[in-house]
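Chemist: only geometry, no sequence info:
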C-alpha cells in the first residue's frame, strides 16, 4: 500500500511537472484600510485587482527534464508496487500449497500411526498368548515409536506451514492479537 501511495504521489508530481511547462494565469485581489494619527484626516480604503500571466519562454530544458524525471520515478515506483504485489501473491500461494501438503502428510502419517498401533497391540497379544516372539513385539513397539515421532514431526510441519501462511496473509495469531494494546 505504501508503494502504491508513493507511485500515485509520483504520478501526480509528474503531472505537475508537465503542467509547469504551460503558461499559467493567476488572479490576485487585495483590499486595505489606512488610518492616520492626525484627527482631521479620514481613513482611506484601497482596492486592487490584478491578473498575472506567466509564460515560460526559456528555461534551458529544466522543466522538461523535471517532467521526464518525475515520470520515470512514477513508473519505477509503480513497477516496484507491481513487483511487491506479485511477490506477496506468490508467497501466499506457496504458503497455501505448503499447508495443503503438510495436511496431506499429516493424514498419511495418521494412517501409518493407526497401522503401527494396531500392529503393536497384535504383537503384544501374540507374545502374551505365547505365539509370538519378544523380538517381534519389541520391533512393533519400535515401529510405533517411530510412527509417533513422524506424527509429531508432521504436526510440527503443519503448524509451521500454517504460521507461514498467516504471515504471508498478514494475520497475527489469536493469542498475540488479544494481547495487543
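Modeler: Cool, got the structure. In this text, all values refer to a predicted model and were calculated from it rather than measured experimentally. Residues are numbered from 1 along each chain as shown.
Chemist: this protein: strands as residue ranges?
Modeler: 24-34, 44-54 (DSSP state E).
Chemist: possible to save those as a markdown table with distance to residue 171, mean neighbour count and mean pLDDT?
Modeler: Glycine gets a C-beta too; all of them are placed from N, C-alpha and C. As requested, these are exported to a markdown table (distance: least, CB to CB, whole Å; neighbours: other CB atoms under 10 Å; pLDDT from 0 to 100):
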| stretch | distance to residue 171 | mean neighbour count | mean pLDDT |
| --- | --- | --- | --- |
| strand 24-34 | 50 | 9 | 88 |
| strand 44-54 | 53 | 9 | 88 |
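Chemist: want to throw those into CSV with distance to residue 67?
Modeler: CSV is the format used below for these (distance: least, CB to CB, whole Å):
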stretch, distance to residue 67
strand 24-34, 15
strand 44-54, 17
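Chemist: and the ones you listed: which comes nearest residue 79?
Modeler: In terms of CB to CB, the element of those nearest to residue 79 is strand 24-34, at 31.7 Å.
Chemist: how big is the angle separating the closest one from strand 44-54?
Modeler: In terms of direction (axes from the mean of the first three to the mean of the last three CA atoms, to 10 degrees), strand 24-34 departs from strand 44-54 by 170 degrees.
Chemist: quick one: residues in contact with strand 24-34.
Modeler: With contact meaning CB atoms under 8 Å, 6 or more residues apart in numbering, strand 24-34 is reached by 43-54.
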